[in-house]
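Participant: just to be clear, the model below is a prediction. Sequence and coordinates:
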Amino acid sequence: MLKPPGKDAAKVYIRTFGCQMNEYDSDRMADLLAASEGLSRAQTPEEADLILFNTCSVREKAAEKVFSDLGKVRELKARNPRLLIGVGGCVASQEGASIVARAPYVDIVFGPQTLHRLPELIRQRRRTGQAQIDIRFPEIEKFDALPAPSVKGASAFVSIMEGCSKYCSFCVVPYTRGEEVSRTFDEVIGEVAELTAQGVREVTLLGQNVNAWRGPTDPQAQAAGLAPIADFATLLEYVCAIPGIERVRYTTSHPREFTPTLIEAYRRLPKLVSHVHLPVQSGSDRILAAMKRGYTVLEYKAIVRRLRAARPDICISSDFIVGFPGETEADFAATLRLAGEVGFDDSYSFIYSARPGTPAADLNDDTPQAIKLERLKRLQALIEQQARSISQAMLGSVQPVLIEGRSRRNPAELCGRTDNNRTVNFAPPTNVLAGQCEPIIGRFTNLKITEVLAHSLRGVWVESHPHGPVWSNENASDCSHQSSV
């Protein structure tokens with residue numbers, strides 16, 4: 001028990017760092033602890049009986065950030081000896097027992113693949129008085145031990161696979177999350193169906209390399225050698241066919257797994273959104289080879305060209321690493337050239353920082369930080385300009401938007417996302433009072449785009465479609481007008 005008998009119900013505070021996979025994992029931790037321990041979510045560490053940091057090791061000095069955050073809650077433990085503190089996620093996988101050695105007030109250390117063992121780790125900590133550490137990679141058993149997901153809202157994430165087998169020279173994911181392992185076809189379809197019963201209308205399928213998913217649609221037949229292995233495109237087709245699902249997104253994809261059948265899915269599946277996140281990392285073949293990405297710039301551009309042939313209005317975002325060891329001005333110029341040719345709509349771009357234990361960490365990195373920063377600013381300015389041009393082209397168009405909730409800046413207004421992943425804020429229709437918007441949240445509506453802002457759009461209500469968006473070419477947003485690929 002996290003609280004003595006007779007006290008208020010126990011609470012857990014979870015702070016999440018990093019990717020959407022971590023966001024998903026944190027939500028599943030909350031579901032698990034609510035079902036097994038009766039814990040509700042705390043809004044602040046001060047009110048919590050259990051504090052969990054779900055960490056990410058992608059950014060520079062990730063471990064130091066964790067220890068800094070741990071230092072901030074150490075005083076809380078001194079005031080409340082019953083408080084438990086746990087560290088999970090990728091930094092936990094990397095650092096393991098050294099976290100407890102350096103911060104002995106930490107009670108639990110667990111990895112992304114062992115979060116389902118949290119209740120047992122808590123019990124063992126209470127029983128033995130010793131810190132508990134479990135950072136193994138037990139395949140994908142965690143999904144068998146987690147309760148059914150609970151969500152609030154019309155959008156939800158669904159993790160369909162774990163780990164990565166690509167071993168890019170700069171990346172720690174294979175070492176912190178293990179090799180690629182796919183959830184079964186039935187598990188994924190079952191979870192999406194459960195979510196629709198809770199009112200979910202849009203799902204985002206998650207994986208480190210989500211399009212590497214593979215699995216038999218009939219495991220028994222597959223065991224007998226009678227059933228083919230389904231690929232990611234087949235899974236998308238089945239997810240799109242689930243009653244109640246009106247939109248399907250996914251992230252993050254890898255160019256090496258972008259198969260012809262996946263490209264063809266954009267021609268056949270209108271519920272698959274006209275937006276894809278396809279990391280390229282660099283526009284230089286020499287740097288891509290040093291990164292061990294497994295494709296060339298020409299091959300990447302060929303994927304984009306085929307995608308746009310299948311779905312002309314598709315918007316493409318990407319990841320970039322600027323200043324990888326050995327990157328010259330000519331290499332970076334190639335990255336700028338590729339960005340302009342593709343017409344990327346958005347990007348997650350960062351200055352390279354060495355991750356301990358990765359092959360790239362041993363490379364000579366002699367580019368001054370100031371030059372790296374200047375290159376990053378140039379790349380981001382170009383892509384922001386391209387994104388704004390795409391948004392400007394949407395002015396006056398009518399877009400199907402899933403109403404996700406109230407606007408952050410003005411609670412009297414509503415917000416939603418377009419098919420190409422832009423946030424739109426708008427006033428509710430005149431027949432809906434500002435304080436009574438809940439009945440229309442979770443529905444689709446058509447909005448006419450009236451204004452382009454720095455990071456969002458404004459629109460006006462045109463017509464509601466409670467059973468999903470109306471798919472037509474008139475609703476499409478053209479993201480291809482800048483592309484020369």
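Facilitator: Sure, I can see it.

Participant: report the contact partners of L363.
Facilitator: 169, 290, 325-326 (CB atoms under 8 Å, 6 or more residues apart in numbering). Glycine gets a C-beta too; all of them are placed from N, C-alpha and C.

Participant: now, the residues you listed that are in strands?
Facilitator: If you go by DSSP state E, those have nothing in strands.

Participant: nearest to L236 among those?
Facilitator: S169 (30.2 Å; CB to CB).

Participant: just give the number of residues close to that closest one.
Facilitator: 18 (other CB atoms under 10 Å).

Participant: against Y13, how distant is it?
Facilitator: Counting by CB to CB, to the nearest Å, the gap from S169 to Y13 is 36 Å.

Participant: thought G96 was touching R136?
Facilitator: No - if you go by CB atoms under 8 Å, G96 and R136 don't touch, sitting 10.4 Å apart.

Participant: neighbour count: these two, which is higher?
Facilitator: G96 (16 against 13).

Participant: tell me who's in contact with the residue nearest to the more buried one when sequence neighbours are not counted.
Facilitator: Leaving aside its sequence neighbours, G96 sits nearest to I135 (CB to CB, 6 or more residues apart in numbering; 5.3 Å). Residues in contact with I135 (CB under 8 Å, 6+ apart) are 92-93, 96, 109-111, 114.

Participant: just the ones of those residues in strands?
Facilitator: 109-110.

Participant: got a winner among the contacts of I135 for most neighbours?
Facilitator: A92 (29 neighbours).

Participant: do I have it right that that one meets S57?
Facilitator: No - shown here, A92 and S57 do not form a contact pair, counting by CB under 8 Å, at 9.2 Å.

Participant: please identify the buried residues of stretch 360-370?
Facilitator: By neighbour count on 16 or more other CB atoms under 10 Å, the buried set for stretch 360-370 is 360, 363, 365, 367.

Participant: how about it as CSV, C-alpha atoms only?
Facilitator: C-alpha atoms of stretch 360-370 as CSV (Å, rounded to 0.1, in the frame of the first residue of the first chain):
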residue,chain,number,x,y,z
ALA,A,360,29.2,7.5,-34.1
ALA,A,361,30.4,8.5,-30.6
ASP,A,362,33.9,7.3,-31.6
LEU,A,363,34.0,9.5,-34.8
ASN,A,364,36.0,12.7,-34.9
ASP,A,365,33.6,15.6,-34.4
ASP,A,366,35.6,18.7,-35.3
THR,A,367,32.8,21.1,-36.5
PRO,A,368,32.5,24.0,-34.2
GLN,A,369,29.2,24.3,-32.3
ALA,A,370,28.6,27.8,-33.6
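
Participant: rewinding a little: mind putting the buried residues of stretch 360-370 into a markdown table with pLDDT?
Facilitator: Shown next, in a markdown table, are the buried residues of stretch 360-370 (pLDDT from 0 to 100):
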| residue | pLDDT |
| --- | --- |
| A360 | 96 |
| L363 | 95 |
| D365 | 93 |
| T367 | 93 |
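
Participant: which ones among the residues you listed lie within helices?
Facilitator: Assigned to helices by DSSP state H, none of the buried residues of stretch 360-370 qualify.

Participant: and which of the residues you listed is nearest to F258?
Facilitator: Of these, the one sitting nearest to F258 (CB to CB) turns out to be A360, at 23.6 Å.

Participant: next one: the closest one from I287, what distance?
Facilitator: For A360, the distance to I287 equals 11 Å [CB to CB].

Participant: list residues touching both of the two?
Facilitator: F324.

Participant: stretch 100-120: end-to-end distance?
Facilitator: From its first residue to its last, stretch 100-120 covers 18 Å (CA to CA, to the nearest Å).

Participant: can you give me how far that stretch is from the chain middle?
Facilitator: Relative to the chain's own centre, stretch 100-120 is displaced by 23 Å; criterion: CA atoms, centre = their mean, to the nearest Å.

Participant: for that stretch, what does the pLDDT average out to?
Facilitator: Taken as a whole, stretch 100-120 carries a mean pLDDT of 93.

Participant: same check, this time on stretch 208-227
Facilitator: 77.

Participant: three-state assignment of S353?
Facilitator: coil (DSSP: H, G, I helix; E, B strand; the rest coil).

Participant: endpoints of stretch 318-333, how far apart?
Facilitator: For stretch 318-333, the end-to-end distance is 17 Å (CA to CA).

Participant: gap between it and the chain center?
Facilitator: Distance, centroid of stretch 318-333 to centroid of chain: 24 Å (CA atoms, centre = their mean).

Participant: so how many other residues sit close to D27?
Facilitator: 18.

Participant: just give me how far the helix or strand it falls within sits from the chain centre.
Facilitator: Using DSSP states H and E, D27 sits within helix 20-37. Put simply, helix 20-37 sits 15 Å off its chain's centre (CA atoms, centre = their mean).

Participant: who's in contact with stretch 250-258?
Facilitator: 19-20, 166, 204-212, 232, 236, 276-280, 293-295, 299-300, 303, 319.

Participant: off-centre distance for that stretch?
Facilitator: Its chain's C-alpha centre and that of stretch 250-258 lie 13 Å apart, by CA atoms, centre = their mean.

Participant: can I get it in CSV, CA atoms only?
Facilitator: Taking Å, rounded to 0.1, in the frame of the first residue of the first chain, the C-alpha atoms of stretch 250-258 are listed here in CSV:
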residue,chain,number,x,y,z
TYR,A,250,1.3,6.5,-37.9
THR,A,251,4.8,7.4,-36.8
THR,A,252,7.7,7.0,-37.2
SER,A,253,8.3,5.4,-40.5
HIS,A,254,11.7,4.4,-42.0
PRO,A,255,12.6,4.8,-45.7
ARG,A,256,14.0,1.2,-45.9
GLU,A,257,10.6,-0.2,-45.0
PHE,A,258,8.5,2.1,-47.3
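
Participant: now do the buried residues in it.
Facilitator: Going by neighbour count (16+ other CB under 10 Å), the buried part of stretch 250-258 is 250-255, 257-258.

Participant: does R41 touch M29 like I think?
Facilitator: No - using CB under 8 Å, R41 makes no contact with M29, being 10.0 Å away.

Participant: of the two, which one has the most company?
Facilitator: Counting neighbours by other CB under 10 Å for R41 and for M29 shows that M29 has the greater number, 24 against 14.

Participant: nearest residue to the more buried one in space, please, no chain neighbours.
Facilitator: L115 is the one closest to M29 (CB to CB, 6+ apart), at 5.5 Å.

Participant: roughly how far does that neighbour sit from D25?
Facilitator: 6 Å.

Participant: shared neighbours of the two, anything?
Facilitator: G88.

Participant: quick check: A97 touching P104?
Facilitator: No - using CB under 8 Å, A97 is not in contact with P104, being 11.0 Å away.

Participant: ok, A148 to A156 distance?
Facilitator: For A148, the distance to A156 - CB to CB - is 12 Å.

Participant: ignore the last one, P228
Facilitator: 29 Å.

Participant: so between these two, which is more surrounded?
Facilitator: Taking neighbours as other CB under 10 Å, P228 and A156 compare with A156 leading, 23 against 11.

Participant: how about residues contacting the helix or strand harbouring that one?
Facilitator: Here A156 sits within strand 155-159, counting by DSSP H and E. Here strand 155-159 makes contact (CB under 8 Å, 6+ apart) with 20-21, 23-25, 27, 143, 149, 183, 188, 191-192, 195, 200-207, 402, 404.

Participant: make a ChimeraX selection of the buried ones in those residues.
Facilitator: Those of those that count as buried under 16+ other CB under 10 Å are selected in ChimeraX with:
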select :21,24,25,27,143,149,183,188,191,192,195,200,201,202,203,204,205,206,207,402,404
